[in-house]
Each structure stands twice: as C-alpha cells, then as structure tokens.
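Undergrad: After the sequence you'll find the predicted model.
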Amino acid sequence: MHIRPIEPGDIPAVVVLFRALATEFIVHESPPEVAATFLRDNDEQGFQGFLAKGYVYHVAEIDGGLAGFIAVRERKHLYHMFVGKNFHGRGVARAMWDVARRAAMEGGGDGSFTVNSSNYALPVYQSMGFERSAPMQSVNGLYFNPMKLSA
C-alpha cells in the first residue's frame, strides 16, 4: 500500500469511488432529492473546491489502483474517509488515518479531531479512538453521528 498526497489527476477516480460508496453507505437513508444534492456537491468541481479551501487530501493505492482517500479540514476535522469495498478490513482506513493525522499535527494541529460519521462507519471510527459527542443528527436530510478524538 502506498499513501501519498492527492494530485489533480486523481480527482476523477476519487469522485467515482466517493459516489459509489456514498450512495451505498450514506445517502441511502436520505430522501432522493437530498441524495442527489449531496452527490452533486461532491463532484469533480466540488473536490477541486475543497482542495482550493485548503482541505488536505491523501490517497491510498494498492497495486497501482485507488484503494481509498482521506481529507482533513483545518488540521482538526476528518472530512472524508472512504475505502473501496474490496479493500475493507485490510487496514487501509487505519493507515490513511495515521498519515492524515500525522500531517495535521505536523501542520500545527493539536491532535484533537472531530468527524461526522455515517451509521455504517461508526465502528471504524470507534476503533480509532473516536467517541460520540452527541446523538445521531440530521441536517438537511443527511444523517450523521458527531464524534471526537481528544489529544
């Protein structure tokens, strides 16, 4: 496995992976119009916007293909973490998190992080030390679980 900073040429593959996983694991709980808006906001232009705003992305590659990606906003909020289904259970999420967390701290972060977890991803984040900070919430029809990791 190789984890590296994202490059502009990675964005199309990242969007394809994001759409597949978000459709199955996030927006399936939301009304169709909410799902459509969420997916539209996370298209190639959306990801380019996240990069322009300073979100720090890394991609994981296995055998030359995209296995997953992760993003941290403001050195304190885990914004995206997606691993291709065929790579689940192989340590990809943990390896990406180790790289992203280290980069955030080296960039001045204090080691405290938050994440808004899907219901599906709760066990993954809990295994990384995150704890619920509030009950499940819904904002604009999207459901998530606020979580935090203290330094």
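TA: Looks like it came in fine.

Undergrad: how about the strands of the chain, start to end?
TA: 2-5, 56-62, 65-73, 77-83, 113-117, 131-132, 137-139, 142-149 (DSSP state E).

Undergrad: The third one: which residues count as buried?
TA: Within strand 65-73, the residues that qualify as buried by neighbour count (16 or more other Cβ atoms under 10 Å) are Leu66, Ala67, Gly68, Phe69, Ile70, Ala71, Val72, Arg73. Heads up, the C-betas are built off the backbone N, CA and C, glycines and all.

Undergrad: My read is that the first one contacts Ile11, right?
TA: Right, Leu66. No. Counting by Cβ atoms under 8 Å, Leu66 stays clear of Ile11, with 10.7 Å between them.

Undergrad: chain center to stretch 143-151, what's the gap?
TA: 13 Å (Cα atoms, centre = their mean, to the nearest Å).

Undergrad: Now do it, average pLDDT.
TA: Averaged across stretch 143-151, pLDDT comes to 93.

Undergrad: what about the helices in this structure?
TA: Secondary structure of the chain (DSSP state H): helices at 11-25, 32-41, 44-52, 92-106, 122-127.

Undergrad: if we can go back for a sec, could I get the buried residues of strand 65-73 in CSV, plus columns for pLDDT and distance to Gly91?
TA: Converted to CSV, the buried residues of strand 65-73 look like this (pLDDT from 0 to 100; distance: Cβ to Cβ, whole Å):
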residue, pLDDT, distance to Gly91
Leu66, 98, 16
Ala67, 98, 10
Gly68, 98, 11
Phe69, 98, 15
Ile70, 98, 13
Ala71, 98, 19
Val72, 98, 19
Arg73, 98, 24
